[in-house]
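Novice: structure of the sequence below:
(one chain, ligands or ions: 1)
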Amino acid sequence: MKKLLRPTYIIDKLDPNYRRSQLLQACLMMGVGALCLLAVINLAVFGDPVLALLDALGAVIAASLLYLVKRKRLLELVSWLFVLTLGLLITAFLSLAAGSNNGYLWTAVFPPFAFFLLGKTRGFWLTVVFFTIFLIQLYISIFVKQVPYLSLGGFLNTLEVFVISLLLYRFYEKTRTEANELLQEQSIRLEKMAKTDKLTQLYNRQYLDVTLFSLYKERRTLPISVLLLDVDLFKRINDEHGHLFGDEVLVKMAQRLTEVVRDDDVVGRWGGEEFLIIAPNTSKSDALGLAERVRRSLNMSITESVTTSVSIGVSSADRVKSPEELISQADRALYQAKSNGRNQVCSFISAVESHQRTINNKA
Ligand SMILES: Nc1nc2c(ncn2[C@@H]2O[C@H](COP(=O)(O)OP(=O)(O)OP(=O)(O)O)[C@@H](O)[C@H]2O)c(=O)[nH]1
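Specialist: Alright, predicted model coming up:
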């Protein structure tokens with residue numbers, strides 16, 4: 001019951017519930033339109049107010065279901081109500097028509113709705129239930145009511161078609177579900193690949209760019225800081241131990257980086273031996289603390305003769321400047337850290353701050 005009343009949130013068009021919701025909405029919309037038209041025809045042409053009222057009532061019910069699925073997102077509940085109503089309507093129609101005018105053709109529309117809206121297992125069992133009811137009705141029409149043109153042969157044909165369509169729809173629904181799951185898995189894998197650096201498995205530059213830009217746009221993550229890290233004298237490691245060893249060193253440093261940053265920080269590979277950390281809601285002083293922790297953690301021994309270290313440039317913004325400016329300031333601070341002798345943290349000092357410091361030193 002709880003599941004029936006839980007809203008279904010559809011993420012994208014690959015979500016199987018997207019098509020279910022589309023089908024339901026289309027059918028209900030057509031239902032509202034057709035029932036309104038029938039109400040008018042029954043009242044104006046046939047002068048039957050009772051039937052017109054029943055049509056109007058049907059239109060109201062269809063419109064309510066449409067509201068529930070479109071606005072309240074109660075897809076599960078509406079799917080059940082829709083399929084059960086369809087089954088009951090066919091049952092009622094078969095009773096009234098008693099096998100005349102090829103009315104039994106209507107039974108063919110039941111399984112596609114049941115399987116598509118309720119899935120392969122629930123759709124299967126509900127179809128079994130309604131097909132049994134339809135067969136009992138047909139049996140009564142043939143052998144009790146003795147309706148002309150209906151015979152044992154017709155009953156057996158209907159039974160065979162029911163069994164075949166039941167099995168075929170089940171197979172079809174299984175195939176459709178599996179294909180959809182595969183597509184979703186592949187889409188997730190591709191999305192991950194598109195934002196991951198192949199060597200280190202950290203985020204790649206493209207993803208860092210997009211993230212920094214969107215964090216800026218949100219503004220509520222201000223103050224924001226970026227930490228640009230560059231491995232010190234990495235060329236020497238490559239030259240002395242080979243490029244493959246250099247790659248391993250980068251992977252180890254990346255692993256250590258992910259361990260040391262906080263959950264909200266976004267860490268990625270900015271380029272060759274450069275990493276970038278985006279730290280949302282982080283002031284300059286907090287960023288300097290984080291940078292120092294990172295610097296110490298990455299000052300590690302890989303082998304007896306190889307020890308790594310990083311230089312870090314920090315830049316922060318508590319007002320909105322551009323993401324490009326923030327990165328460029330971190331780059332300048334990194335250059336400063338390298339010039340000061342490497343294995344250290346430097347923060348970007350603006351012209352105003354620098355002027356302020358000179359005044360304070362003089363005082
Ligand atoms: N193994 C490996 N090396 C890389 C990769 N990307 C860049 N490099 C190397 O990183 C080295 C960077 O060297 P430089 O820019 O001269 O700087 P450095 O030797 O680290 O010296 P400083 O930055 O001044 O401390 C170059 O030798 C690049 O070939 C990579 O994916 N794998």
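Novice: which positions in the stretch 101-250 of the chain make contact with the ligand?
Specialist: Within the stretch 101-250 of the chain, the positions adjacent to the ligand are 199, 230-236, 238, 243, 246-247, 250 by CB under 6 Å from any ligand atom. Quick note: C-beta positions are derived from backbone N, CA and C, even for glycine.
Novice: if we use 5 Å, what do you get?
Specialist: Residues of the stretch 101-250 of the chain found near the ligand, taking CB under 5 Å from any ligand atom as the criterion, are D232, L233, F234, K235, N238, H243, G246, D247.
Novice: and the fourth one, how many neighbours?
Specialist: Going back to what we said before, that points to K235. Around K235 sit 11 other residues, with neighbours defined as other CB atoms under 10 Å.
Novice: not counting its neighbours along the chain, what's nearest Q344?
Specialist: For Q344, ignoring the flanking residues on the chain, the nearest one in space by CB to CB, 6 or more residues apart in numbering is A337 at 5.1 Å.
Novice: any idea whether the one you found is helix, strand or coil?
Specialist: Put simply, A337 is helix when judged by DSSP: H, G, I helix; E, B strand; the rest coil.
Novice: contacts only, for it.
Specialist: For A337, the contact set (CB atoms under 8 Å, 6 or more residues apart in numbering) comprises S311, I312, G313, Q344, V345, C346.
Novice: quick one on the thing from earlier: tabulate the residues of the stretch 101-250 of the chain next to the ligand (TSV), appending secondary structure, distance to P148 and pLDDT.
Specialist: Below are these laid out as TSV (DSSP: H, G, I helix; E, B strand; the rest coil; distance: CB to CB, whole Å; pLDDT from 0 to 100):
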residue	secondary structure	distance to P148	pLDDT
D232	coil	97	98
L233	coil	99	97
F234	helix	93	97
K235	helix	96	97
N238	helix	93	97
H243	helix	89	97
G246	helix	90	97
D247	helix	84	97
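Novice: so I278 sits in a helix?
Specialist: No. Secondary structure of I278, determined by three-state DSSP: strand, with no helix assignment.
Novice: from L89, how far out is the residue nearest to Q344?
Specialist: Distance, A337 to L89, using CB to CB, to the nearest Å: 76 Å.
Novice: spatially nearest residue to the closest residue to the ligand within the stretch 101-250 of the chain (excluding sequence neighbours)?
Specialist: Of the residues in the stretch 101-250 of the chain, the one nearest the ligand is G246, at a distance of 2.6 Å by CB to the nearest ligand atom. Excluding its sequence neighbours, the residue lying closest to G246 (CB to CB, 6+ apart) is N238, at 4.1 Å.
Novice: that neighbour: neighbour count?
Specialist: Under the neighbour criterion other CB under 10 Å, N238 is assigned a count of 16.
Novice: and L276, by the same measure?
Specialist: Other residues within reach of L276 by the criterion other CB under 10 Å amount to 23.
Novice: likewise for L326?
Specialist: Burial measure for L326: 21 neighbouring residues, criterion other CB under 10 Å.
Novice: which secondary structure element is home to it?
Specialist: Take DSSP states H and E as the rule and L326 turns out to sit in helix 323-339.
Novice: now list the buried members of the residues of the stretch 101-250 of the chain next to the ligand.
Specialist: Listed as buried from these are D232, F234, N238, G246; burial here means 16 or more other CB atoms under 10 Å.
Novice: so after the longest helix along the chain, what's the next helix or strand?
Specialist: With residue count as the measure and DSSP state H as the assignment, the chain has helix 152-195 as its longest helix. Per DSSP H and E, helix 152-195 leads on to helix 205-218 as the next helix or strand towards the C-terminus.
Novice: show me what counts as buried in that next one.
Specialist: Of the residues in helix 205-218, Y207, L208, D209, T211, L212, L215, Y216 count as buried by neighbour count, 16+ other CB under 10 Å.
Novice: quick one: residues in contact with it.
Specialist: With contact meaning CB under 8 Å, 6+ apart, helix 205-218 is reached by 194-197, 203, 221, 224, 226, 266, 268-271, 276, 278, 280, 320, 322-323, 326-327.
Novice: convert the C-alpha atoms of that helix to CSV, please.
Specialist: These are the backbone C-alpha positions of helix 205-218, laid out as CSV (Å, rounded to 0.1, in the frame of the first residue of the first chain):
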residue,chain,number,x,y,z
ARG,A,205,39.8,18.8,-16.2
GLN,A,206,36.6,19.0,-18.2
TYR,A,207,34.6,18.0,-15.1
LEU,A,208,36.5,20.3,-12.8
ASP,A,209,35.8,23.2,-15.2
VAL,A,210,32.1,22.5,-15.3
THR,A,211,31.9,22.0,-11.5
LEU,A,212,33.7,25.2,-10.7
PHE,A,213,31.5,27.1,-13.1
SER,A,214,28.3,25.6,-11.7
LEU,A,215,29.4,26.2,-8.0
TYR,A,216,30.0,29.8,-9.0
LYS,A,217,26.6,30.1,-10.5
GLU,A,218,25.0,28.8,-7.4
